[in-house]
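J.: Okay, structure incoming, though there's no sequence with it:
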Ligand SMILES: CC(=O)[C@@H](O)[C@H](O)COP(=O)(O)O
């Protein structure tokens with residue numbers, strides 16, 4: 001079990017809700033993943049309809065919603081989206097995403113820092129999506145962030161942990177949970193993130209566009225558990241030369 005903000009969670013796998021073939025397929029995959037925290041883009045929710053199609057598939061006792069501000073291009077838009085989310089979904093948890101560039105969806109570090117400061121003061125538990133920048137992570141901690149969400153590679157790219165050296169520095173220095181988010185393309189990427197000591201991972205595309213999303217969600221669930229166990233068991237050091245697995249005790253004669 002681990003804690004983020006005011007919640008204690010068991011599953012270290014968080015899921016996104018975009019790109020699934022249908023809401024039913026999404027629901028099946030989420031349930032198979034064992035995830036307790038699921039992010040949903042505020043722009044996808046129909047705030048006018050009382051029973052929004054996507055939300056009705058996310059209403060399960062163990063699943064917490066993490067609204068995100070995907071589409072926001074600056075502090076003003078992100079804070080507006082956050083307040084709408086709090087009102088509509090009755091949660092003060094927020095995945096803060098500010099990415100003005102539609103081609104690479106790179107998070108804007110300056111706007112993200114300013115928005116985190118403002119939203120934390122407004123009582124939000126802010127989980128900002130950021131580049132894997134250790135210095136920015138420290139500034140976010142000072143601004144009152146509840147976690148940091150550094151990217152492995154661009155959203156939806158499935159390229160895995162391209163930023164691994166910087167993720168390791170962030171994990172070493174962080175006083176808040178580190179959730180590796182974006183670009184995780186295969187269960188082995190998720191396992192690797194957990195092996196280096198990430199507190200959790202967030203996965204969307206790799207599960208949603210898999211041939212069998214439910215089965216892939218199960219594979220991610222197992223990979224995250226295995227990676228965490230390996231981290232807790234402490235992985236053996238690498239060596240530059242061969243080291244015999246069995247000491248030489250026989251075949252010796254003078
Ligand atoms: C849904 C969500 O929050 C995504 O923006 C997130 O960053 C996941 O990225 P992938 O789709 O690459 O897993």
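T.: Nice, thanks for sending it over. Since the model is a prediction, treat every value here as computed from it, not as a measurement.

J.: For the residue in the chain that the ligand sits nearest to, which non-adjacent residue is spatially closest?
T.: Residue of the chain nearest the ligand, by CB to the nearest ligand atom: residue 16 (2.7 Å). For every residue, glycine as well, the C-beta is placed using N, CA and C. Computed as CB to CB, 6 or more residues apart in numbering, the closest residue to residue 16 that is not its neighbour in sequence is residue 204, at 2.7 Å.

J.: what do you get for residue 185?
T.: Nearest residue to residue 185, sequence neighbours excluded (CB to CB, 6+ apart): residue 158, at 3.1 Å.

J.: So that neighbour lies in a helix, does it not?
T.: No. Counting by DSSP: H, G, I helix; E, B strand; the rest coil, residue 158 is not found in a helix; it is coil.

J.: surely it meets residue 206?
T.: Yes. Using CB atoms under 8 Å, residue 158 is in contact with residue 206, at 5.7 Å.

J.: Need the overlap of contacts for the two.
T.: Shared contacts of residue 158 and residue 206 (CB atoms under 8 Å, 6 or more residues apart in numbering): 184-186.

J.: most surrounded residue in these?
T.: residue 184 (30 neighbours; other CB atoms under 10 Å).

J.: residues from the stretch 101-250 of the chain in reach of the ligand?
T.: 129, 155-156, 181-184, 202-206 (CB under 6 Å from any ligand atom).

J.: circling back: what's near enough to touch the residue of the chain closest to the ligand?
T.: So residue 16 contacts 38-39, 202-205, 208 (CB under 8 Å, 6+ apart).

J.: Make a markdown table out of the shared contacts of residue 158 and residue 206 and add pLDDT and secondary structure.
T.: Listed next are the shared contacts of residue 158 and residue 206 as a markdown table, based on pLDDT from 0 to 100; DSSP: H, G, I helix; E, B strand; the rest coil:
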| residue | pLDDT | secondary structure |
| --- | --- | --- |
| 184 | 98 | coil |
| 185 | 98 | coil |
| 186 | 98 | coil |
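
J.: quick check, nearest of these to residue 7?
T.: Relative to residue 7, the closest of the shared contacts of residue 158 and residue 206 is residue 184; by CB to CB it sits at 21.8 Å.

J.: Surely that closest one touches residue 207?
T.: No. Assessed by CB under 8 Å, residue 184 is found out of contact with residue 207, at 9.4 Å.

J.: got the buried residues for stretch 24-42?
T.: 26-30, 32-42 (16 or more other CB atoms under 10 Å).

J.: Can you give me the end-to-end span of that stretch?
T.: This stretch, stretch 24-42, spans 19 Å end to end (CA to CA, to the nearest Å).

J.: Stretch 83-99 too?
T.: 18 Å.

J.: From the chain's centre, how far out is it? Work that out for me.
T.: 16 Å (CA atoms, centre = their mean, to the nearest Å).

J.: One more: stretch 24-33?
T.: From the chain centre to the centre of stretch 24-33 is a distance of 17 Å (CA atoms, centre = their mean).

J.: in the stretch 1-150 of the chain, which spans are strands?
T.: Along the stretch 1-150 of the chain, counting by DSSP state E, counting those that start in this stretch, strands occupy 2-4, 7-9, 13-16, 37-41, 64-68, 93-96, 125-130, 149-150.
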